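Undergrad: dropping the sequence and predicted coords here.
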Amino acid sequence: MDKPAAKRRFRLSYLLLVIPYVAMMWVPYYNRLDPQIAGVPFFYWYQLAWIVLGAVLLLPAYFAVTRGDRS
Amino acid sequence: MSLNPVAVTIFLILFVFVTVLGFAASRWRSGDLNHLHEWGLGGRRFGTLVTWFLLGGDLYTAYTFVAVPALMFGAGAMGFFAVPYTVLVYPLMFAVFPRLWAVAHAKGYVTAADFVRGRFGSRGLALAVAITGIVATMPYIALQLVGMEVVLAGLGIPMTITIFGVPVPDAPLLIAFVVLAAYTYNSGLRAPAMIAVVKDALLYITVLAAVIIIPAELGGYTKIFASVDPKSLLLAGGTPRNLGQQAAYATLGLGSALALLLYPHSMTGLLSSSSKRAVQRNAVILPAYSFALGLIALLGFMAVAAGVKAMPEFADGFKTFGNNFAVPALFLHSFPAWFVGVAFAAIAIGALVPAAIMSIACANLFTRNIYKEFLNPGASTRQETDVAKIVSLVVKLGALFFIIELPTQYAIQLQLLGGIWIIQTLPAVVLGLYTRWLHPRALLIGWIAGISAGTWMAYLNAFKSSTFALNILGTVVPCYAAFSALILNIVVSVVLSAIFNTLFNSARIDATAAEDYA
């Protein structure tokens, strides 16, 4: 792989790390009860779901750096 | 409360088991424990999995597991800020801390203050960072004892025990801490790393059981949420003139996330891992604990639904510990006695792990950045390690004294202040990883400004709350005091750096080179 492409992928993947900050800091968006899941209000399951999503969003950056380690 | 023999027996068996582990840990992946990085950083040899257990036991403390649901129990939705807080920690850990790991590894740094000393060549700034770390951590250790006190009371273990005819107040706490101090002294960071594995296994079992069994007993999540006062189920909405609780919630989450990784015990945990990739892998897998914490937070609502506060058998506990007794009461009410023993052991052992790591982190700071820097510059590695071991004892004794002699309220208030203080090291430690443009004197003045402003805001709140309402262009913005004080700190540091860099000869000594960070 040529270097600029790798670098761009690296940068793009790090940009994903900003998304959880937007999702968590924008409180008015999730400060509501509906829709509920199995009786759990939106406010609660939305934030719990972001624990998982936050971890998933780290994966592209992780694979980008480990690919860099190998080459 | 009456003694619960089955629960106490299970509890004691688990406690003795981890004590044996703690002492045996010195032989684990053994190194020369006369070196500070061996005793105080486990030889920087912890792989991904051990680091996961260690940091999990370190960052998600017993006090967290008691206090977060207690806050939900008392205040509702506001207590859930622990979730955005833990979501926001990991992108930061992933992006920033591998750099710190790399430079610490290249230069043999053991503490954040070591790095600041090397990067900016300023003893004063390094001292400020070290003292902030020690002072912020002390009340945190003391609070771990509160977590332990609550479960001991829940088990019905009397706090005053007669030993050889002499009544000893707080004897169980004393014994637990003496044991803890002994194996920390003996094994260093390897002890909490090994114990953390047991603690975390117990913790996951407890959480899993709690979120399955308790809602089933209470008739499902719909009923649980329905039993909570509808007003506290969501944050109070803002108005154009006052952003209200939502602004406080967002800044509490972000500010706490920024502060967490700056705490000395986080540094110790991160720097003890064997590679920067191990740090990054942990940023991906540590959210498993966050999920457990999120579920534990909901236990606060389950305690409301179960109505434990009105039950006469728990009246004493609530009277002594306030809402911190909500989760222990819920467990006693919902679980069979033997499982209460398991769950309470998870909390009590969960207090030992962070208490050990925090005292080691304080010891590292004192030894490296105060003793070796100012008192005995020629100290040998052996002397260094001996001092660290003794300081780890002194720190724990201090915490014990604190909890036994002073009202718990002081420890809680000091810990609140600790968060406001520790975040003020961010410009030197985190921004310092990316640039040496900042002037050390400017950083020091920024630090003073941030600490003073933050402490002043907490004082105006009578140290009861960490959110302080700012008036920005006619709009009231309730904001986490640590966060607003940090903004001030950064502005002061940047503006003064611009001035100092032009005024003074800016030739400074930077012991680190660009390649040390890669």
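TA: Everything's here; your move.
Undergrad: all contacts plus neighbour counts: C-alpha atoms, from now on.
TA: Fine.
Undergrad: just checking, residue B:423 touches residue B:480?
TA: No: using CA atoms under 8 Å, residue B:423 is not in contact with residue B:480; the gap is 11.5 Å.
Undergrad: identify the contacts common to those two.
TA: residue B:255 (CA atoms under 8 Å, 6 or more residues apart in numbering or on different chains).
Undergrad: low-scoring pLDDT stretches of chain A, where are they?
TA: Low-confidence segments of chain A, defined by pLDDT under 70: A:1-10, A:71.
Undergrad: tell me which helix or strand the residue most central in space within chain A sits in.
TA: Geometric centre of chain A, nearest residue: residue A:57, 3.4 Å, by CA atoms, centre = their mean. For residue A:57, the host element (DSSP states H and E) is helix A:42-70.
Undergrad: now residue B:412
TA: helix B:408-422.
Undergrad: following element in sequence after that helix, please.
TA: helix B:426-429.
Undergrad: tell me the mean pLDDT for that next one?
TA: For helix B:426-429, mean pLDDT rounds to 96.
Undergrad: what does chain B put close to chain A?
TA: Counting by CA under 8 Å from any CA of the partner chain, the positions of chain B adjacent to chain A are B:83-84, B:86-88, B:90-91, B:94-95, B:220-223, B:225, B:234-235, B:237, B:246-247, B:249-251, B:254, B:280-281, B:283-285, B:287, B:290-291, B:294.
Undergrad: I'd like the distance between the residue nearest to the centre of chain A and chain B.
TA: Using CA to the nearest CA, to the nearest Å, residue A:57 is found at 9 Å from chain B.
Undergrad: distance from the chain centre to the helix or strand hosting residue B:100, please.
TA: If you go by DSSP H and E, residue B:100 is part of helix B:82-107. Taking CA atoms, centre = their mean, to the nearest Å, one finds the center of helix B:82-107 at 15 Å from the center of the full chain.
Undergrad: for the helix or strand that that helix is followed by, output the C-alpha coordinates as CSV.
TA: As assigned by DSSP H and E, the chain's next helix or strand after helix B:82-107 is helix B:112-120. The C-alpha trace of helix B:112-120 is given here as CSV (Å, rounded to 0.1, in the frame of the first residue of the first chain):
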residue,chain,number,x,y,z
ALA,B,112,3.5,12.0,35.3
ALA,B,113,5.6,14.5,37.2
ASP,B,114,8.8,12.6,35.9
PHE,B,115,7.6,13.4,32.4
VAL,B,116,6.9,17.1,33.2
ARG,B,117,10.3,17.4,34.8
GLY,B,118,11.9,16.0,31.6
ARG,B,119,9.8,17.8,29.1
PHE,B,120,9.9,21.3,30.5
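Undergrad: in chain A, what residue is nearest chain B?
TA: Proximity of chain A to chain B (CA to the nearest CA) peaks at residue A:39, 4.0 Å away.
Undergrad: my guess is that residue contacts residue B:227. True?
TA: No: between residue A:39 and residue B:227 there is no contact under CA under 8 Å: 11.9 Å.
Undergrad: so who does the residue of the stretch 401-518 of chain B found nearest chain A touch?
TA: Nearest to chain A, among the residues of the stretch 401-518 of chain B, is residue B:518, at 11.2 Å (CA to the nearest CA). When contacts are counted by CA under 8 Å, 6+ apart, residue B:518 is found next to B:99, B:102, B:103.
Undergrad: look up the closest residue to residue B:26, ignoring the ones flanking it.
TA: Excluding the flanking residues, the one nearest residue B:26 by CA to CA, 6 or more residues apart in numbering or on different chains is residue B:187, at 4.3 Å.
Undergrad: buried by neighbour count: which residues of stretch B:266-277 qualify?
TA: Using 16 or more other CA atoms under 10 Å in any protein chain shown as the test for burial, stretch B:266-277 gives B:266, B:267, B:268, B:269, B:270, B:271, B:272, B:273, B:274, B:275, B:276, B:277.
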